[in-house]
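K.L.:
mind looking at a prediction? Sequence and model below.
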Amino acid sequence: MKVVGLMSGTSGDGVDAALVEIGRRRSGLRIDMMAFQSLPYPRSLQQRILSASVSGTVSELCHLNALLGEWFANAAMGVIRSANLQPKDIDLVGSHGQTVHHLPHGIKDAGVGAIRSTLQIAEPAVIAERTGITTVANFRPRDIAAGGQGAPLTPAVHALIFRHHRRARLIVNLGGISNVTYLPRGSGYEGIIAFDTGPANMVLDGLVARSTGGRMSMDREGRIAAKGRVDGRLLAKLLAHPYLSQAPPKSTGREVFGANMLEELITMQQTKQMPLEDLMATCSRWTAESVGTARRWVRGGIDEVIVGGGGVRNHTIMQHLTEVFASIPVRPFESHGWDSKALEAVAFAVLAYQTVTEECGNVPSVTGAAHPALLGCIIPSGPGWMARAGLRRRRKS
């Protein structure tokens, strides 16, 4: 099958679209990248998304859900065109959507206990209608309903791509939030550990945007942080954040490391009269040290660290990671033939494929779910969608 995967992370900076061809081989799935594109959001739309994730009205969320459906559909069409293909050539779209809230620990409600929830928007019906392609979306809620955190969902794909018979690998994704997947030597899903480690681009982007009045949206290549010095006392305080010492399974997001954390950091900066460069250097080191804390839950050694996500282009964070892991080699996804920014979009293409072929997409030992689950909701392109995708309906026994 040819499948488009669509992803927008917690930074809310745009839609990543990956077109992949997925087939079967004796050892598992074969995944070949055909094309990749990013469709950035205008700064004004990014701000609306970030604001809605904290204090959005029902009206605003309703509107953004439909509006982002259009953006995701445009991203899908763009990557299809870039491969010189047409929508009729594509079998599926897998859309993660845009997370606006994630409450994996739940909120207590009278009579029913703690209700855990997550919300991703970008209406899949709009994507299916605009592209004419069957769309699978809303992957996380099924894992949460089964008792899991709903995240991370990429470890199964990390295992398909990166697991090695002789080398134990730590796969690091530096998105808005950083997350890791530990792949012990061998094959299959046995022994995989994965979880969100804490903040990454979300905090750094927020500090830059706030300090420059919106003139800059990121610390490009880590240049600002590279000019500063790490404040040891502030770093120690940040490393004492309770999330970092929480045992997995665990996941986090803007609810923990978003607006409130940003305000706390700005207040500390003003109190200490700290230059922005020093604050950025300290928070960049915090990101790397947070990733390093993953080792306390890893059983066995790590032979290499493989890093992807937008943060891989931040040279300061990468330098800190090299120092944190000392003698262990730290390399980008590109050293293994994969685009650092593309892999999460690829993952949701694979998850869509697994859903329509009736394969469970979560790893219960990672998310904490009670059992493997078929993930997502399928929005058919129209009558006969299964035949067009080369699928056969299973007969009832």
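P.N.:
The structure has been received and is ready for your questions. Numbers count the residues shown, from 1 in each chain.
K.L.:
please name the nearest non-neighbouring residue to residue 166.
P.N.:
Ranked by C-beta to C-beta, 6 or more residues apart in numbering and with sequence neighbours excluded, the top spatial neighbour of residue 166 is residue 185, at 6.0 Å. C-betas here are computed from N, CA, C, even on glycine.
K.L.:
now do the SS call for the one you found.
P.N.:
Reducing the assignment at residue 185 to three states with DSSP: H, G, I helix; E, B strand; the rest coil gives coil.
K.L.:
tell me the phi and psi of it?
P.N.:
phi -60, psi 140 (degrees, to the nearest 10).
K.L.:
test my guess that it contacts residue 299.
P.N.:
No - checked against C-beta atoms under 8 Å, the pair residue 185 and residue 299 is beyond contact range at 11.8 Å.
K.L.:
restricting to C-alpha, output stretch 294-306 in CSV.
P.N.:
What follows is stretch 294-306, C-alpha atoms only, in CSV (Å, rounded to 0.1, in the frame of the first residue of the first chain):
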residue,chain,number,x,y,z
ALA,A,294,16.1,7.5,30.7
ARG,A,295,19.0,5.3,31.7
ARG,A,296,17.7,4.7,35.2
TRP,A,297,14.9,2.6,33.8
VAL,A,298,16.9,0.8,31.1
ARG,A,299,17.8,-2.8,31.8
GLY,A,300,21.0,-3.5,30.0
GLY,A,301,23.5,-1.3,28.2
ILE,A,302,23.1,1.3,25.4
ASP,A,303,25.4,0.8,22.4
GLU,A,304,24.3,3.9,20.5
VAL,A,305,21.9,6.8,20.7
ILE,A,306,20.0,7.7,17.5
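K.L.:
run the chain-centre distance for the strand or helix carrying residue 345.
P.N.:
Secondary-structure element containing residue 345, defined by DSSP states H and E: helix 343-356. Chain-centre distance of helix 343-356: 12 Å, with C-alpha atoms, centre = their mean, to the nearest Å.
K.L.:
cool, and stretch 258-270?
P.N.:
Distance, centroid of stretch 258-270 to centroid of chain: 24 Å (C-alpha atoms, centre = their mean).
K.L.:
looking at residue 185 and residue 299, which is more packed in?
P.N.:
With other C-beta atoms under 10 Å as the criterion, residue 185 and residue 299 differ in neighbour count, and residue 185 comes out ahead with 15 against 9.
K.L.:
what's near enough to touch that one?
P.N.:
164, 165, 166, 167, 168, 300 (C-beta atoms under 8 Å, 6 or more residues apart in numbering).
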